[in-house]
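In: sequence and predicted structure, then a few things I'm wondering about:
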Amino acid sequence: MSQIDTTYNTVYNHLLEKFNNDIDFQNEIQYLIHFYGKKLMNFTKNDEQKLLVEVSSEKLIKSQFFQGYFIMKTILEDDQMELGEKIWTVNPGIIRNELPILLEQTYSNSVEDWYKTDVGHQVSFELIQVFSDVFDLVKQIRKDISIYGCYKAVIEDPRYSGFNETSEHQFLLGDPMDLDFLNPQVYMQAEFITEEQEFWDLYNWSSSQNSVSKWIGSIQLSSIPQDNDSFFYLIQFTLSNTILEEEKQGIIQKVHKRLPQDVLSTLQIRYYSASELNVVIPQNA
């Protein structure tokens, strides 16, 4: 048996065991199916089409996840691939955002071929036959999930430890040393952090077209001192109109759940929609 066959069988057995027995993993996959399935559901017009999307989404996600996990395992086991030791000590969010660029460079002569699967091709064909406008979306889903499978293969490798240095101050919204994914396609990055203010910008994942992270929002949390030595908290969400409304609400809810009760008891939430970010730098007189 060749090395690649051995790796294939190892990955198959590993993921089969997780699919059957690991509840957290099952929930993780179901979340991906739901998130991307909802995007496809927007094209449906009747119950028959909804059923097609339901069945197709699960097949597509599982097939592409396996492909990505398997491909990355072959890369990690190949002595000819020079990923370097740095990959084992990089924070997970940063790895997740860098992988699309790394894979594009690795497979520069066949950018789309590495994540092709028979199941993915068949499901894509069935969906495109019914929904004429889903080609780009289905292509993006296949790519996203394959790269996510690659990411999971890296962080589940025994050699991976992550970046262990932490900030002295405990921030409420996330780790300013990492990129924090709020959903499969959106992450936030700390821009300005003090004990009274947290300002995070939101970007789409670099898996998107052209592997470029584009600004799609901001989150600002402010603690405002009151006369009685307590604090009033204000959190402001500015989210791009390119984000689906349901996904906007999901981002707001995810961030809201991170806040402790003493913050929630005096919290005001403000939510704005935006089309673009313009940074104006005043000119010196």
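Out: Arrived safely. Residues are numbered from 1 along each chain as shown.
In: and Leu103, what element?
Out: If you go by DSSP states H and E, Leu103 is part of helix 92-106.
In: average pLDDT across that helix?
Out: Mean pLDDT, computed over helix 92-106, is 92.
In: quick one: list the elements packing against it.
Out: Using 3 or more Cβ pairs under 8 Å, 6 or more residues apart in numbering; DSSP states H and E, the elements in contact with helix 92-106 are helix 135-155, strand 180-183, strand 186-193. All C-beta atoms are positioned from the backbone trio N, CA, C, and that covers glycine.
In: and it, which residues are buried?
Out: Buried residues in helix 92-106, counted by 16 or more other Cβ atoms under 10 Å: 92-100, 102-104, 106.
In: cool, stretch 37-51 as well?
Out: Quick answer for stretch 37-51 (16+ other Cβ under 10 Å): Gly37, Lys39, Leu40, Thr44, Gln49.
In: how's this structure carved up into domains?
Out: Per automatic domain parsing, the domain ranges recorded for the chain read 3-155, 180-274.
In: now render the ones you listed as CSV, adding distance to Ile281.
Out: Below are the domains of the chain laid out as CSV (distance: least, Cβ to Cβ, whole Å):
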stretch, distance to Ile281
domain 3-155, 26
domain 180-274, 15
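In: got the angle between the helix or strand containing Gly68 and helix 135-155?
Out: Using DSSP H and E, Gly68 sits within helix 47-76. Relative orientation of helix 47-76 versus helix 135-155 (axes from the mean of the first three to the mean of the last three Cα atoms, to 10 degrees): 40 degrees.
In: so what's the residue nearest to the spatial centre of the chain up against?
Out: With distances taken as Cα atoms, centre = their mean, Pro184 lies nearest the centre of the chain, 2.9 Å away. Shown in contact with Pro184 (Cβ atoms under 8 Å, 6 or more residues apart in numbering): Leu32, Phe35, Tyr36, Asp144, Tyr148, Trp205.
In: try it again at 6 Å.
Out: Taking Cβ atoms under 6 Å, 6 or more residues apart in numbering as the criterion, Pro184 is in contact with Phe35.
In: can you tell me which two in the buried residues of helix 92-106 are farthest apart?
Out: Gly93 and Thr106 (20.6 Å; Cβ to Cβ).
In: mind checking what secondary structure Ile281 has?
Out: What DSSP: H, G, I helix; E, B strand; the rest coil gives for Ile281 is coil.
In: make residue 1 into 42 and carry on from there
Out: In the new count, where the first residue is 42, that last one comes out as Ile322.
In: that one: how many residues sit nearby?
Out: Look at Ile322: counted by other Cβ atoms under 10 Å, it has 5 neighbours.
In: give me the pLDDT for it.
Out: Looking at Ile322, its pLDDT reads 76.
In: give me the nearest residue to Ser98, chain neighbours excluded.
Out: In this structure, Ser98 finds its nearest non-sequential neighbour in Gly78, 3.7 Å apart by Cβ to Cβ, 6 or more residues apart in numbering.
In: state the distance from that neighbour to Val96.
Out: Noted for Gly78: a distance of 10 Å to Val96, by Cβ to Cβ, to the nearest Å.
In: what does Phe273 give?
Out: To Val96, Phe273 is 49 Å away according to Cβ to Cβ.
In: go on, Asp159?
Out: 16 Å.
In: tell me which of these two has more neighbours.
Out: Between Asp159 and Val96, counted using other Cβ under 10 Å, the more crowded position is Val96 (13 against 8).
In: so what's that one up against?
Out: For Val96, no contacting residues are found, by Cβ under 6 Å, 6+ apart.
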